[in-house]
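Asker: predicted structure and sequence below. I'll ask about it afterward.
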Amino acid sequence: AASNTLSLTRSLHVIFKPYIPRLICDCLLIPAGLLKTAFAYKKQNNKYSKTGHIAICCIVKNEAPYLKEFIDYHIDQGFDHFFIYDNESTDNTSMILRPYIRQNKVTYKSIRGRARQVDAYNDATSRARNKFDYIAFIDADEFFVPNNPENKIKDVIYKRFHELNNPGGLAINWRVFGSSGYKTKNDLPSPYVTISFNKRADDSFEKNEHVKTIADPRKIIAFLNPHYPIYYKGFYSISDSNKIVVGPKCKQSYKYMSLNHYFCKSLEEYRAKKNRGKADALDIRSDNEFIEHDKNDVYDDKAALLMTNLLKHSF
């Protein structure tokens, strides 16, 4: 974790693509990483003033059709800024993001190579450390939904951190959404993901144990896994049921919010996702993953209603 705080480590990951050479590189840089970590730990112990700003970090590849909805939805939920890492997209991702970049809503950075998600998260942590109170590390097919639609996610986040006496972060469970039976993009009733897909797995579905993290960047050493960070001593992620979380999973709880994960979309879109490869690993997804995640047992239109309301007020 210490070596992964270094920008040099992230640069060398472009050169050393297989896992073993990357691991050797990480180990060799541990002494330098420990020095940087010790210095950062001393600084983070100093008192700091809240900025009142929160951000999202995500890595994308050829996901241009979904980015405007993803950003607009989360701006409406109170997020102030987005760190978008473009992993060699060949579509019009940069064009879609251009207006948000001009408005200073998006920090856009190109990132080359395979399995660079953790590197993107660590770079964003470094950039956000003194500018944002909290940063959420999610994918572009994941949408935060407040349990009470009268509340904005930003307000829920600040209230939770205050009530919990400023923990390292919040661990938010997935709610995995299926394909709603759609085979192709042409079958969809709406161009908006949150409106088209409103059927999901039951909350007891084992994949829903996975979490993503909203964290105070000053309390993070580094990410080694995209689901959770390694914190400085004494800090942890806390679940919606107020349990300490020290890994990528915890018992499902949705008292305050959920993270809708539109893993499947239509079968056609899943196959395009499969061809892009994974953001955090060198292997390729299988068709079995679509079957495993394509659960449509529960009708859930909370995100759809929030998006519909946003669209009404946009015109």
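Answerer: In hand now; what should we look at?
Asker: any low-confidence regions in this structure?
Answerer: 17, 42-47, 278-283, 315 (pLDDT under 70).
Asker: which stretches of it form strands?
Answerer: 54-60, 81-86, 106-110, 134-137, 142-146, 169-176, 199-200, 211-215, 220-225, 228-231, 237-238, 244-245, 257-261, 298-299 (DSSP state E).
Asker: pretty sure W174 contacts E206?
Answerer: No - applying Cβ atoms under 8 Å, one finds W174 not in contact with E206, separated by 10.5 Å. C-beta here means a position set from N, CA and C on the backbone, and glycine is covered the same way.
Asker: those two: which is more packed in?
Answerer: The neighbour comparison of W174 against E206 (other Cβ atoms under 10 Å) goes to W174, with 24 against 11.
Asker: tell me, how many residues neighbour the spatially closest residue to that one that is not a sequence neighbour?
Answerer: Using Cβ to Cβ, 6 or more residues apart in numbering and skipping the chain neighbours, the partner closest in space to W174 is H261 (4.4 Å). Other residues near H261 come to 23 when the count uses other Cβ under 10 Å.
Asker: dump the residue contacts of H261.
Answerer: D139, D141, E142, W174, R175, V176, F177, H210 (Cβ atoms under 8 Å, 6 or more residues apart in numbering).
Asker: let's have those residues in a markdown table, adding distance to S49.
Answerer: Formatted as a markdown table, the contacts of H261 follow (distance: Cβ to Cβ, whole Å):
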| residue | distance to S49 |
| --- | --- |
| D139 | 31 |
| D141 | 35 |
| E142 | 30 |
| W174 | 33 |
| R175 | 35 |
| V176 | 38 |
| F177 | 39 |
| H210 | 34 |
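Asker: and these, which is closest to V60?
Answerer: Of all these, V60 sits closest to D139, with 8.1 Å by Cβ to Cβ.
Asker: ok, now how distant is the closest one from L6?
Answerer: Separation of D139 from L6 (Cβ to Cβ, to the nearest Å) stands at 25 Å.
Asker: and F177, by the same measure?
Answerer: Relative to L6, F177 is positioned 37 Å away (criterion: Cβ to Cβ).
Asker: next one: E269
Answerer: Taken as Cβ to Cβ, the span from E269 to L6 is 37 Å.
Asker: longest helix in the chain, please.
Answerer: Looking across the chain with DSSP state H, the single longest helix is helix 30-44.
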